[in-house]
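# Provided below are the primary sequence and the corresponding predicted coordinates.
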Amino acid sequence: MPAVKFLHAADLHLGRPFSGLTRSDRTLGKLFQQAGYKAWDRIVRTAVERKVDFMTLAGDVFDRTSPTIRARVAFKDGIERLHQAGIPVFLALGNHDPLGEFPDPLRSLPGLYVFGPQPEARECSPQGSPWKLKVHGVSFDRPAVQENLVRGFRRDPGIEIAIGIVHANVAGVAGHDNYAPCSIDDLTAAGMDVWCMGHVHAARVLKQKPLILYAGTSQGAHVNEPGSRGCYLITVDGPGDASAEFVPVASVRWEEVEVDVTGVSSEEGLLEAAEQACRMLCSNEDDLDAIVTRIHLMGRDSLHLRGAHERMVEMGEVLSERLARLPIPVFPESIRDRTRSALELDVLLQQEGFLADLVKLSRAAAEGPALGQELVNSIKESLPKTAALEMKVEVEQLHDPKVLAAYLDEARELVAELFLE
Ligand SMILES: [Mn+2]
C-alpha cells in the first residue's frame, strides 16, 4: 500500500541574525544573512523533489513578532511554490510568531492552513492513500503560553492516521522557555500516530511509538547551535507505523574545535595545527557554504600566548585568512585560550625547594578532600569581612572538589610562573 510522506520543519526563525561573532566582514555578513532563507528554500525544494503529500511547520517561522519584509516575502514565496506543487502546509504558531502578531496577508495564502488558538483538526487525504488522515494542531495566541496545550488534543475515532503539530516544551528542556509545557505521557495519551514538535532547537526523536520528534531549527545562529541542522522526512506506512529521516538543510554550520598546542614551538606551527583541525570539520558530502567555529587552544603553551593579546589578535587574523581558503571556508567565531603554561610540573616535583613543595601541596589538596576543605576554610577565614560577603558564592563553590581542583591547577601555575620570572 502506498505510504504517506510528509516533511516536518520548525523554528525557521526567518530574519534571525547570527550572534557571537567577534569579527565583521561584508561578504561574510551577506552569507550569514542569507543562510536562514537558504535553509527554508532547501526545505521547500526537498518537499517538491521528494514529492511529499504535505508539510508541517511547528512554529517560530519568523524570528520576530513583526517580521521584516524580506522574511515575509521569503515565507510567502515558499508557500506559493509548495502550493503550485500541490503540497498543502499546516502551520502551528509558536512564541516568536503568535497568532495575534502573525501578518494578516500571510494567513490566507492558498495552500496554507494556520491553526487557531484551540486544538483543531483538518482532514487531509493524500492522493492514492487508502488512509483517512487528519492533521491536528494549535497555535500560540500570545508569546508566553503557560498552559498545557497538548491535553486539549483528542484523536477522532473515525480516523486511521492522526498527526499532531504543536510548539511546546516537552519535559522541561533546559535552555528554552517553559512554554506550553507537557510530558511524553501527555503526548502519548492524545493518541496521535506522529507528533511534530517545535520550540527546542536541536533535532531529536523523543519516542518511536508514537513517533514524537523535534525538527530543531533549520539554521543554527550561534555556537550553542552546533552541528547539522535540517528537517525530517516522515513516512507513515500505516496506523502507528511511522519512521523519520533527517534531511540537513543548513548552509552554514556551527562547530567548536580544540587545537592541542602541546609541543608546538612556533607561530607557524600553531597556524598549521589549527588549520589541520579545522580541515577535519567538513567532509566531501557536506553541502555547505561555510563553517563557523569557536577555536579552543588546549594543552601546554610553550609560545607564551597567555596574556599576549596583540599577538593573539594578529594570529587570529592570519588564521582567518588561511581558513577562508579551505574547500569549505571556515570562519573562526572566536579563539579561546585554554592553554596551560609549559612548566614541567612533574620535573619540578623531583626537585627540592619551594616550588616542589607548592606543587605537592596543591596536588594533595586537589586529591585529598580533607586537606582541600581545610584549605577552603582557611581561605574563608583569611578573607576580610566585606570581601567574604561579596565572594561568598564563589568561595562556597570551592566546596565542590572539581571546582577546587580547577582553581588549584590555575593558581599553582600562576604562582610557579611568577616565581620563575
Ligand atoms: Mn524557536
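It's in.
# Below-threshold pLDDT in the stretch 301-421 of the chain: ranges please.
Within the stretch 301-421 of the chain, the stretches with pLDDT under 70 are 306-307, 342-349, 384-394, 417-421.
# For it, which residue gets nearest to the ion?
Using CB to the ion, the closest approach of the stretch 301-421 of the chain to the ion is made by Glu333 at 20.6 Å. For glycine as for every other residue, the C-beta is placed from the backbone atoms N, C-alpha and C.
# Who does the helix or strand where that residue lies pair with, and is each partner parallel or antiparallel?
For Glu333, the host element (DSSP states H and E) is strand 330-337. When pairing is defined by DSSP bridges, strand 330-337 lines up against strand 290-298 (parallel).
# gap between the strand it pairs with and the chain center?
How far strand 290-298 lies from its chain's middle: 15 Å, per CA atoms, centre = their mean, to the nearest Å.
# After that strand, which helix or strand is next? Please name it.
Next along from strand 290-298, by DSSP H and E: strand 300-301.
# Which other helices and strands does the following helix or strand past that next one contact?
Beyond strand 300-301 in the direction of the C-terminus, DSSP H and E gives the next helix or strand as helix 309-323. In terms of contacts (3 or more CB pairs under 8 Å, 6 or more residues apart in numbering; DSSP states H and E), helix 309-323 is packed against helix 267-279, strand 330-337.
# Spit out the contact partners of the residue in the stretch 51-200 of the chain positioned nearest to the ion.
Going by CB to the ion, the ion is nearest to Asp60 of the stretch 51-200 of the chain, at 3.5 Å. Neighbouring residues of Asp60 by CB atoms under 8 Å, 6 or more residues apart in numbering: Ala10, Asp11, Leu12, His13, Gly94, Asn95, His96, Asp97, His167, Gly198, His199, Thr217.
# could you redo these as JSON lines and give each row pLDDT and neighbour count?
Putting the contacts of Asp60 into JSON lines (pLDDT from 0 to 100; neighbours: other CB atoms under 10 Å) gives the following:
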{"residue": "Ala10", "pLDDT": "98", "neighbour count": "30"}
{"residue": "Asp11", "pLDDT": "97", "neighbour count": "29"}
{"residue": "Leu12", "pLDDT": "97", "neighbour count": "31"}
{"residue": "His13", "pLDDT": "96", "neighbour count": "24"}
{"residue": "Gly94", "pLDDT": "95", "neighbour count": "27"}
{"residue": "Asn95", "pLDDT": "94", "neighbour count": "22"}
{"residue": "His96", "pLDDT": "94", "neighbour count": "25"}
{"residue": "Asp97", "pLDDT": "93", "neighbour count": "30"}
{"residue": "His167", "pLDDT": "97", "neighbour count": "30"}
{"residue": "Gly198", "pLDDT": "97", "neighbour count": "30"}
{"residue": "His199", "pLDDT": "96", "neighbour count": "27"}
{"residue": "Thr217", "pLDDT": "97", "neighbour count": "26"}
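# among these, which are in strands?
His167, Gly198 (DSSP state E).
# Turn the contacts of Asp60 into TSV, columns for distance to Arg72.
Shown next, in TSV, are the contacts of Asp60 (distance: CB to CB, whole Å):
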residue	distance to Arg72
Ala10	18
Asp11	17
Leu12	12
His13	14
Gly94	17
Asn95	18
His96	14
Asp97	11
His167	19
Gly198	19
His199	22
Thr217	19
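# which of the contacts of Asp60 are close to the ion?
Asp11 (CB under 5 Å from the ion).
# Now, the contacts of Asp60 that are in helices?
Among those, no member is found in helices (DSSP state H).
# So Arg107 sits against Gly116, correct?
No: counting by CB atoms under 8 Å, Arg107 does not reach Gly116; the two are 10.6 Å apart.
# ok, what's across the strand from the residue lying closest to the residue of the stretch 301-421 of the chain closest to the ion once chain neighbours are set aside?
Spatial nearest neighbour of Glu333, excluding adjacent residues (CB to CB, 6 or more residues apart in numbering): Arg294 at 4.7 Å. With DSSP bridges as the criterion, Arg294 is bridged to Glu256, Ser334.
# Contacts only, for Arg294.
Here Arg294 is in contact with Val223, Glu255, Glu256, Val257, Pro332, Glu333, Ser334, Ile335, Arg336 (criterion: CB under 8 Å, 6+ apart).
# Go through the residues you listed and say which is closest to Val395.
Lowest distance from Val395 to the contacts of Arg294 (CB to CB) belongs to Arg336, with 25.8 Å.
# show me what contacts the closest one?
Per CB under 8 Å, 6+ apart, neighbours of Arg336: Arg294, Ile295, His296, Leu297.
# count of neighbours near Ala144?
11 (other CB atoms under 10 Å).
# what's the pLDDT at it?
Looking at Ala144, its pLDDT stands at 92.
# Equivalent analysis for Val166, please.
For Val166, pLDDT reads 97.
# doesn't Gly172 fall inside a strand?
No: under DSSP: H, G, I helix; E, B strand; the rest coil, Gly172 falls outside any strand and is assigned coil.
# Pro369 touches Lys402, doesn't it?
No: under the criterion of CB under 8 Å, Pro369 is not in contact with Lys402, lying 11.5 Å apart.
# Of the two, which one has the most company?
Pro369 (12 against 9).
# So for the more buried one, what's the nearest residue that isn't a sequence neighbour?
Computed as CB to CB, 6+ apart, the closest residue to Pro369 that is not its neighbour in sequence is Pro401, at 6.1 Å.
# Show the backbone phi and psi for the one you found.
phi -50, psi -30 (degrees, to the nearest 10).
# show me what contacts it?
The contact partners of Pro401, by CB under 8 Å, 6+ apart, come to Ala366, Pro369, Gly372.
# Of the residues you listed, which is the nearest to Glu314?
The closest of these, once distances to Glu314 are taken by CB to CB, is Ala366, at 35.7 Å.
# Could you report the neighbour count for Leu371?
14.
# Am I right that it is in a helix?
Yes: under three-state DSSP, Leu371 falls within a helix.
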